[in-house]
Structure formats: structure tokens, C-alpha cells
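*Asks:* My questions are about this predicted structure, shown below with the sequence.
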Amino acid sequence: MKKINKETKKITEEMTFSEIVQNYPGSAEFLFKKGFHCIGCPMASMENIKDGAIAHGEDPKKLIAELNKFVDGKQKKNKK
């Protein structure tokens, strides 16, 4: 798995849950609170966030926007 440059790279619908959780601190807790309790399952390494959102009855674009907003806020808070 490639390391993602969190300074310039936003979370996209092609990214797997594992890539997101490993590269964006706090994202696992955010996803868990949204009902994505399968973060640690084997599918998390293969399923992208778009397909996972659809499978959980969530709008992928809305979920990704919320997740990016959360991650951006977390990163700005950690820089202070």
C-alpha cells in the first residue's frame, strides 16, 4: 500500500476503508460512529468507500464530504 500525502490528497471514492483508516487519524472512529462497524473485517482492505457506503445505505458523496471535512479539521487541530 502506498503512503498517501495527507497534505494534498483528499479521500476519494476509489480509496479502500483500510487505506483511509491507516492514513487518516481519527477516521476509524468517525466511520464507526456512522455505523461502519466492519472497519476491521477482511472486506475493508478490498472494498472502496463508495461501494461500502452504498452497501450501508449511505450516499457516498455525502459520506466522503463529511469524512474529508472531519479529517481536515483534525489535521488543522493537530498543527496548532
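*Replies:* Perfect, I can see it now.
*Asks:* give me the number of residues near the nearest residue to T16 once chain neighbours are set aside?
*Replies:* Among residues not flanking T16 along the chain, N48 sits closest, at 5.5 Å (C-beta to C-beta, 6 or more residues apart in numbering). For every residue, glycine as well, the C-beta is placed using N, CA and C. Using other C-beta atoms under 10 Å, the number of residues around N48 comes to 16.
*Asks:* for the chain, which helix is longest?
*Replies:* helix 60-79 (DSSP state H).
*Asks:* avg pLDDT for that one?
*Replies:* Mean per-residue pLDDT for helix 60-79: 85.
*Asks:* and it, what does it pack onto?
*Replies:* helix 27-33, helix 49-55 (3 or more C-beta pairs under 8 Å, 6 or more residues apart in numbering; DSSP states H and E).
*Asks:* Mean pLDDT and distance to M15 for these - can I get that in a markdown table?
*Replies:* Shown next, in a markdown table, are these (pLDDT from 0 to 100; distance: least, C-beta to C-beta, whole Å):
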| stretch | mean pLDDT | distance to M15 |
| --- | --- | --- |
| helix 27-33 | 91 | 10 |
| helix 49-55 | 93 | 6 |
